[in-house]
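Trainee: sequence and computational prediction follow.
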Amino acid sequence: MRVSKWFSGAGLVVLAIVVLFSTLFTDWLFKGARIDLTEGGLYTLSSGSKNIVQDLDEPLDLYFFFSDSTTKEALAWRNYAKQVRELLEEFVLASDGRINLTVIDPEPFSEDEDRAAAFGLQAAPIGNAGDSVYFGLVAQYGEMEDGASPEENERPTLEIPFFKPERQEFLEYDIAKMIYQVSQERKPRVGLIAGLDVAGGFNMMMRQPTQPWFSVEQIKQLFEVKTIGNDEQDIATDDYELLVVIHPKELSEQTLFAIDQYVLQGGHALFFVDPYAEQAQMGASKASDDLNKLFNTWGVNVSTQEFVGDAQLALQVGSPSGQPVRHLGILQLTDQNLTRDNPIVSQLETVHLSSAGYITRVEDAATEMAALMTSTEYAMPIVASKLDMMQDPRGLAMGFAPTGERYVLAAAIRGEVETAFPDGVPISETGAVDEDDGADEASDATEEQGSAAESAASDAKPMEYLKRSRQPINVVIVADTDVLSDRLWVQIRQFFGQNVASPFA
């Protein structure tokens, strides 16, 4: 996905996911932020970036290190540094005195060079001469202690070690994100339920570790992410500002109930479900109907056996013959497929989906369903099992007949709802467990264990639960998980030993 010129792949959080975070559920990030070069040659800040600096409660010191004296012949780098400085000055102006900017030229063998190194900035060789150049930024938040130097001060500190050329178009995002992060007492908390190795794992087939998805790594920079297990029985709104569920596997009834109650309490939730998750460790993973128990109560249904093929949005991929062919299941959504009047996707330019499902309204649903992403009318549902062992994408074209319907691929759900568990949390003689599983266990239990469980159950106080939402729910459902995977939006490259993301969608 690409978000204007500064925020890509959700743009970078979107990273499809971060745009959804920032626009629907939080006021922390920069809605619609982008860099504009005006006729006067100055950057103008987005309203979101202005809100960030104007919300600062304490002074913020910015130290911009650039080796001016050793880059006299490096015109491209000097122009880049000029852009950074002008943008920093815009942040200072927008802060109404909250931000102080200090520009430092760390000449070789000087105290300023020692300061740059003490802050953790990196010197990179530039030009034919290989001169080491510092080109980074340090942010410190709060009042400075009397008598302490900036590098010795214990104030919250963050740095951009080096302004990489690949990140030039994301300057405002990188700087605003750093200011936001350093000024927070704590990161907003996100609960993550994932059936895919989004945080990294081990590929048994390849016998090697797998890297975390870059989208998830970006989220962790802005949020405190805690993994929630498939058997969690309590998910409280006091514990998480946001719940993210990515293609879960074999959720227990207790966890479904916990999700149900979290949403009814007013918790915001973001779901990524997929009829054919291609990024699963042991081959593709197909969706279960577990979550539809909740979705149906919220007025929608998500396909678990079919994905959307679209002849107009299909991307070209390689074929066994080496010739490029269109893959009906790998789609590139553009302006016509994104709901421009909805703030969740208003800043996205393109989004790549793969074997995405579709979302339909349940008859007589009491909630509102706002489509965020849709197919064209040249689309039709395709049975997901067709992708099993498929080697030539042209096979999907056999029998393909567009229905003329535009399928909803992502949607926001809002409205008053009732619980999906009218009888409360499933309870058996072993406690809050799935009723079917509890029955199986009971058949194997001894008579003595059964009597003890029955006695305990009779003495137990029934668990209180919400039968109806306290307020209109806010839920977003994306019928695809591959949208978050690196392969659909970002390429990771090495720059002086560090990973640098280069979004291509």
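Mentor: That came in fine, so what should we check first?
Trainee: low-confidence ranges in the stretch 401-505 of the chain?
Mentor: Applying pLDDT under 70 to the stretch 401-505 of the chain flags the ranges 427-463, 487-505.
Trainee: my error: substitute the stretch 151-300 of the chain in the last question.
Mentor: 151-153, 202-203, 279-288.
Trainee: which residue ranges make up the domains of the chain?
Mentor: 33-183, 189-419+469-492, 426-462 (automatic domain parsing).
Trainee: can you pull out the helices in the stretch 51-200 of the chain?
Mentor: According to DSSP state H, counting those that start in this stretch, the stretch 51-200 of the chain carries its helices in the segments 75-94, 111-118, 171-182.
Trainee: helices or strands next to the longest one in the packing?
Mentor: Translated: helix 75-94. In terms of contacts (3 or more C-beta pairs under 8 Å, 6 or more residues apart in numbering; DSSP states H and E), helix 75-94 is packed against strand 43-44, helix 47-54, strand 60-66, strand 99-104, strand 131-141, helix 171-182. All C-beta spots, glycine's among them, are computed from the backbone N, C-alpha and C.
Trainee: shaky segments in the stretch 1-150 of the chain?
Mentor: The low-confidence ranges in the stretch 1-150 of the chain, as defined by pLDDT under 70, are 1-43, 127-130, 146-150.
Trainee: for stretch 94-105, buried residues please.
Mentor: Neighbour-count burial for stretch 94-105, counted by 16 or more other C-beta atoms under 10 Å, picks out 94-95, 98-99, 101, 104-105.
Trainee: hang on, the earlier thing: for the domains of the chain, which one ends up most surrounded?
Mentor: Among these, the stretch with the highest mean neighbour count (mean count of other C-beta atoms under 10 Å) is domain 189-419+469-492, at a mean of 19.
Trainee: re earlier: and of the buried residues of stretch 94-105, the nearest to Arg189?
Mentor: Arg98 (26.2 Å; C-beta to C-beta).
Trainee: need phi/psi at the closest one.
Mentor: phi -80, psi -20 (degrees, to the nearest 10).
Trainee: measure the residue nearest to it when sequence neighbours are not counted to Phe91 for me?
Mentor: With sequence-adjacent residues excluded and distances taken as C-beta to C-beta, 6 or more residues apart in numbering, Arg98 is closest to Leu56, at 4.4 Å. Separation of Leu56 from Phe91 (C-beta to C-beta, to the nearest Å): 10 Å.
Trainee: output stretch 155-172 as CSV - backbone C-alpha positions only.
Mentor: Provided in CSV are the C-alpha atoms of stretch 155-172 (Å, rounded to 0.1, in the frame of the first residue of the first chain):
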residue,chain,number,x,y,z
ARG,A,155,15.6,12.7,30.0
PRO,A,156,13.7,10.5,27.5
THR,A,157,15.9,10.4,24.4
LEU,A,158,15.4,9.1,20.9
GLU,A,159,17.5,9.5,17.8
ILE,A,160,17.5,9.0,14.1
PRO,A,161,21.1,7.7,13.7
PHE,A,162,21.4,8.7,10.1
PHE,A,163,19.0,10.2,7.5
LYS,A,164,19.1,7.6,4.8
PRO,A,165,18.5,8.6,1.2
GLU,A,166,15.8,5.9,0.9
ARG,A,167,13.8,7.7,3.6
GLN,A,168,13.9,11.2,2.1
GLU,A,169,10.3,11.2,1.0
PHE,A,170,9.2,10.1,4.5
LEU,A,171,10.9,12.9,6.5
GLU,A,172,7.8,14.3,8.1
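Trainee: figure out how far it is from the centre of its chain.
Mentor: 20 Å (C-alpha atoms, centre = their mean, to the nearest Å).
Trainee: check stretch 302-322 too.
Mentor: 24 Å.
Trainee: quick one: mean pLDDT over it.
Mentor: For stretch 302-322, mean pLDDT rounds to 90.
Trainee: can you start the count at 285 instead of 1 from here on
Mentor: Will do, 285 is the new start, and the previous item becomes stretch 586-606.
Trainee: straight-line length of it, end to end?
Mentor: End-to-end span of stretch 586-606 (C-alpha to C-alpha, to the nearest Å): 35 Å.
Trainee: equivalent analysis for stretch 519-528, please.
Mentor: End-to-end for stretch 519-528, by C-alpha to C-alpha: 12 Å.
Trainee: identify the residues contacting it?
Mentor: Stretch 519-528 has contacts (C-beta atoms under 8 Å, 6 or more residues apart in numbering) with 301, 305, 309-310, 472-478, 507, 510, 512, 539, 542-543, 545-547, 549-556.
Trainee: helices - which of these land there?
Mentor: When those are checked against helices (DSSP state H), the matches are 301, 539, 542-543, 545-547.
Trainee: closest to Val422 among these?
Mentor: Checking the ones in helices among the contacts of stretch 519-528 against Val422 by C-beta to C-beta gives Ile301 as the nearest, at 28.5 Å.
Trainee: need the nearest residue in space to Lys687, chain neighbours excluded.
Mentor: Lys isn't right for residue 687; it's Thr. Counting by C-beta to C-beta, 6+ apart, the residue nearest Thr687 is Met664, at 4.9 Å.
Trainee: please compute how far the helix or strand encompassing the one you found lies from its chain's middle.
Mentor: Secondary structure assignment for Met664, by DSSP states H and E: strand 663-667. Centroid displacement of strand 663-667 relative to its chain, using C-alpha atoms, centre = their mean, is 27 Å.
Trainee: what helices or strands is it leaning on?
Mentor: strand 590-594.
Trainee: who are the neighbours in contact with Ala408?
Mentor: Neighbouring residues of Ala408 by C-beta under 8 Å, 6+ apart: 416-417, 419, 446, 780.
Trainee: kindly report the same for Arg698.
Mentor: The contact partners of Arg698, taken as C-beta under 8 Å, 6+ apart, are 651-652, 654, 756-759.
Trainee: how does it look with 6 Å?
Mentor: The contact partners of Arg698, taken as C-beta atoms under 6 Å, 6 or more residues apart in numbering, are 652, 756, 758.
Trainee: between the residues you listed, which is closest to Glu534?
Mentor: Distances from Glu534 to these, taken by C-beta to C-beta, are shortest for Asn758, at 26.6 Å.
Trainee: thought the closest one was touching His552?
Mentor: Yes. Using C-beta atoms under 6 Å, Asn758 is in contact with His552, at 5.0 Å.
Trainee: pull up the gap between Asn758 and Ala478, please.
Mentor: Taken as C-beta to C-beta, the span from Asn758 to Ala478 is 21 Å.
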